[in-house]
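**Q** Okay, structure incoming, though there's no sequence with it:
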Ligand SMILES: [Ca+2]
């Protein structure tokens, strides 16, 4: 038996919402509805990014391997994969701080069909972070969310969050 990758958050990143099943948005205070980001910008951060606004703040931004949440309002950054397969999948990934110079850290969440499977708190200076691995049962169209929550401050909350889904 060999596991086939059905989704890769880094290589699947693109300028098109829904490409390879990946969508870029946010959840206000971590609650539905999922709101899509409408602005794709290649110059703000000198690398392609989905953003909420052409001016910062708000700091909500999603790059190929980075996610930045916003604190006020509390917009949790949400990189969502909509499943193109049914059955058992493995979700494996890594989360760490990208900017270790300050702030109060972040909390990352992995949800499947809205149910929270993982919650990982990463302190502000933790560049090593945590790896994760979890199994889930999905249907065609099931959402798998990779969320970053700011906490009490969004200062220096740039977070590396990558995931590969296999079946
Ligand atoms: Ca924070």
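**A** Looks like it arrived, so ask away. Keep in mind the model is a prediction, meaning the values are calculated, not measured.
**Q** Out of the helices and strands in this protein, which is least certain?
**A** Within the chain, no helix or strand scores below strand 5-8, which has a mean of 95 by mean pLDDT, DSSP states H and E.
**Q** can you list contacts of whichever helix or strand comes after that strand?
**A** Towards the C-terminus, the helix or strand next in line after strand 5-8, according to DSSP states H and E, is strand 22-28. Taking Cβ atoms under 8 Å, 6 or more residues apart in numbering as the criterion, the residues outside strand 22-28 that touch it are 7, 9, 12-14, 17, 33-37, 50, 52, 60, 62, 69-70, 73-82, 145, 147. Quick note: C-beta positions are derived from backbone N, CA and C, even for glycine.
**Q** next one: stretch 117-124 to chain centre, how far?
**A** With Cα atoms, centre = their mean, to the nearest Å as the basis, stretch 117-124 stands 12 Å off its chain's centre.
**Q** so how far is residue 95 from residue 24?
**A** When Cβ to Cβ, to the nearest Å is the yardstick, residue 24 and residue 95 sit 17 Å from each other.
**Q** what do you get for residue 104?
**A** For residue 104, the distance to residue 95 (Cβ to Cβ) stands at 16 Å.
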